[in-house]
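> take a look and give me a structure for this.
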Amino acid sequence: MNSLLVALAPLFLSAPAPTIENWPEWRGPEHDGVSNEHGLPAEWGPDRNIAWKLPLPGMGSATPVVWGDRIFLTSADQDDLVLLCVSTAGKELWRRKVGSGKVRARGDEGNGASASPSTDGKYVYAFVGTGDLGCYDFSGKEIWKFNAQERYGKFNIQFGMHSSPVLFEDKLYLALLHSGGHWVIALDKKTGADVWKVERQSDGIVECEQSYASPVLWQNGSSAYLVVHGNDYTTAHSLENGKELWRLGDLNPKGDRYNRYFRFVASPVAYKDLIVVPTAKRGPVVGVKPDSTGFIKTGDSGEQWRRPKNTPDVPCPLVYDGVVYLCDENGNFTGIDAKGGGDLFDQSIHRSRYRASPVYADGKIYLTARDGVVTVVKAGRTFEKIAENKLPDQFTASPAIAGGRIYLRGFGALYAIGRQ
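Residues are numbered from 1 along each chain as shown. Alright, predicted model coming up:
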């Protein structure tokens, strides 16, 4: 028996260990909606593969973030906007008031709990629609807090401020683009003090001045910069000082056909060798080369490709293994060749409103509809539907994946999908 164990030992040692990741920001560990976890369920329902369900104090669209055995999310709580800390066992550990304000965007579309928190494993950072931004430790102690409207000027944005800050290394980055001002800001994450603030210039007018998109991080090895989207342009900024590195134009061309209501909601996705830029209202989608410089217009060498129409209006793009995935607000799901921009497939998956962004994990794409239907599709260059799942709730938050589970934040509850 001992000799058999000795003979089998190398096989056990060489077997791949399960990949357990945190989900520290709204688009995951690499800021791109991709998880490296395995063994996740493809099917679930109210009585199947639900580890637990935790009722929430109010609605919200913020994706949860997960670190170790802690889950953090923002929520309405009557007239307050709060940060919740929940254990991965499904128990609320604490809640802290971040701001006050119960204004909803377009009735049932969103509220002040739309920006997602972020964490570095020691502190958690929460931003809400009132402009209140706070840093808390894992026990719930407030480290610092300020109001962005008091510091940078009153927000003037039709449906509220929903942009999620980006946490990277020792800084927290904000993009505040609205009719009252256009700022890209870096904060010292330890103190909340400004490190730099730059004004983002644009000739956009009317509703185009207002962006609901979040800044995203592009990173390839030791190189990194911030991508900011809105007010008719997409721009890249140095993390050191905010200097503009490149600017993508012709997203809302000027002239007689200029659309004064072409506001951006969907954020770009930044992959190491491609940045995919959505727009609005069935407009263009552009693949940008990350090493671009200067002003980029249609057909310039800084573009990898440009599709003239049919952008997602709300869900963000996803890139994985040479395929760009686009899910529009009506449930049309498109696969595009990441290198050339050509169609691989175009499929209607489920007729509903889509506000959540697609995520990848375990060879699968998870597509979350507003009405609680999550369609699971096999990742790849051809379309293959694996499953369709339904929960009795409303969902506008994107999924979070960590510790062998999928976390779905509904208006009524937080759901942990996976093993108990």
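> how far away is residue 247 from residue 389?
Distance of residue 247 to residue 389, given as CB to CB, to the nearest Å: 41 Å. Bear in mind the C-beta positions are built from the backbone N, C-alpha and C, glycine included.
> confirm for me that residue 173 is in contact with residue 183.
No: counting by CB atoms under 8 Å, residue 183 is not a contact partner of residue 173; they are 11.0 Å apart.
> who has more neighbours, the two?
Neighbours of residue 173 and residue 183, each counted by other CB atoms under 10 Å, are more numerous for residue 173; the result is 24 against 20.
> what about that one, which helix or strand?
strand 171-178 (DSSP states H and E).
> after that strand, next one along is what?
That would be, after strand 171-178 and using DSSP H and E, strand 181-188.
> for that following strand, buried residues please.
182-187 (16 or more other CB atoms under 10 Å).
> who's in contact with that strand?
Contacts to strand 181-188, defined as CB atoms under 8 Å, 6 or more residues apart in numbering, come from residues 152-153, 170-177, 193-202, 209, 215, 226, 228, 231, 237, 239, 242.
> now do 7 Å
152-153, 170-176, 193-200, 202, 228, 231, 237, 242 (CB atoms under 7 Å, 6 or more residues apart in numbering).
> what do you get for stretch 197-215?
With CB under 7 Å, 6+ apart, stretch 197-215 has contacts from 157-159, 162-164, 166, 173, 175, 177-179, 182-185, 226-233, 235, 242, 252, 260-267.
> so for that stretch, mean pLDDT?
For stretch 197-215, mean pLDDT rounds to 96.
> how far does that stretch stretch from start to finish?
In stretch 197-215, first residue to last residue: 14 Å (CA to CA, to the nearest Å).
> now do stretch 22-31
Terminal residues of stretch 22-31 are spaced 12 Å apart (CA to CA).
> pLDDT of the helix or strand where residue 53 lies, averaged?
For residue 53, the host element (DSSP H and E) is strand 50-55. Mean per-residue pLDDT for strand 50-55: 98.
> mind giving me the packing neighbours of it?
Counting contacts by 3 or more CB pairs under 7 Å, 6 or more residues apart in numbering; DSSP states H and E, strand 50-55 packs against strand 413-418.
> again, only this time at 10 Å
Under the contact criterion of 3 or more CB pairs under 10 Å, 6 or more residues apart in numbering; DSSP states H and E, strand 50-55 touches strand 80-87, strand 405-409, strand 413-418.
> and the strand holding residue 173, how far out from the chain middle?
Chain-centre distance of strand 171-178: 14 Å, with CA atoms, centre = their mean, to the nearest Å.
> what lines up beside that strand in the sheet?
strand 166-168 (antiparallel), strand 181-188 (antiparallel) (DSSP bridges).
> how about the residue lying closest to residue 404 once chain neighbours are set aside, what does it touch?
Excluding the flanking residues, the one nearest residue 404 by CB to CB, 6 or more residues apart in numbering is residue 418, at 5.3 Å. Counting by CB atoms under 10 Å, 6 or more residues apart in numbering, residue 418 touches 37, 39-41, 44, 49-51, 401-407.
> circling back: quick one: buried ones out of the contacts of strand 181-188?
152, 171-176, 195-196, 198, 200, 202, 228, 231, 237, 242.
> out of the residues you listed, who's nearest residue 31?
Nearest to residue 31, judged by CB to CB, of these is residue 173 at 11.1 Å.
> verify the contact between that closest one and residue 240 for me.
No: checked against CB atoms under 10 Å, the pair residue 173 and residue 240 is beyond contact range at 11.9 Å.
> now stretch 159-169: average pLDDT?
Stretch 159-169 comes out at a mean pLDDT of 95.
> distance between the ends of it?
31 Å.
> swap in stretch 24-44?
End residues of stretch 24-44 are separated by 24 Å (CA to CA).
> now it: buried residues?
Going by neighbour count (16+ other CB under 10 Å), the buried part of stretch 24-44 is 24-35, 37, 40-42, 44.
> average pLDDT for it?
Mean pLDDT, computed over stretch 24-44, is 96.
> repeat that for stretch 322-329.
Here the average pLDDT along stretch 322-329 is 97.
> ditto for stretch 266-275
On average, stretch 266-275 scores 97.
> and for stretch 69-86?
For stretch 69-86, the per-residue pLDDT averages 97.
> got it, and stretch 354-373?
Here the average pLDDT along stretch 354-373 is 97.
> off-centre distance for that stretch?
12 Å.
> pull out the buried positions in it.
Using 16+ other CB under 10 Å as the test for burial, stretch 354-373 gives 354-362, 364-373.
> cool, and stretch 219-233?
219, 225-233.
> gap between the two ends of that stretch?
So stretch 219-233: terminal residues 20 Å apart, CA to CA.
> how far does that stretch sit from the chain's center?
Distance of stretch 219-233 from its chain centroid, counting by CA atoms, centre = their mean, is 14 Å.
> just stretch 369-379 next, same as before
Worked out by CA atoms, centre = their mean, stretch 369-379 lies 17 Å from the chain centre.
> same question for stretch 206-226.
Taking mean C-alpha positions (CA atoms, centre = their mean), stretch 206-226 and its chain are 11 Å apart.
> returning to that earlier point: the contacts of stretch 197-215 in helices, which ones?
The members of the contacts of stretch 197-215 all map outside helices under DSSP state H.
> which phi and psi does the nearest residue to residue 284 once chain neighbours are set aside have?
Nearest non-adjacent residue to residue 284, counting by CB to CB, 6+ apart: residue 308, 5.3 Å away. Per-residue torsions, residue 308: phi -70, psi -10 (degrees, to the nearest 10).
> number of residues surrounding residue 308?
By other CB under 10 Å, 11 other residues sit near residue 308.
> please report how far it lies from residue 252.
Applying CB to CB to residue 308 and residue 252 gives a distance of 13 Å.
> which neighbours do the two share?
Joint contacts of residue 308 and residue 252 (CB under 10 Å, 6+ apart) are 283-284.
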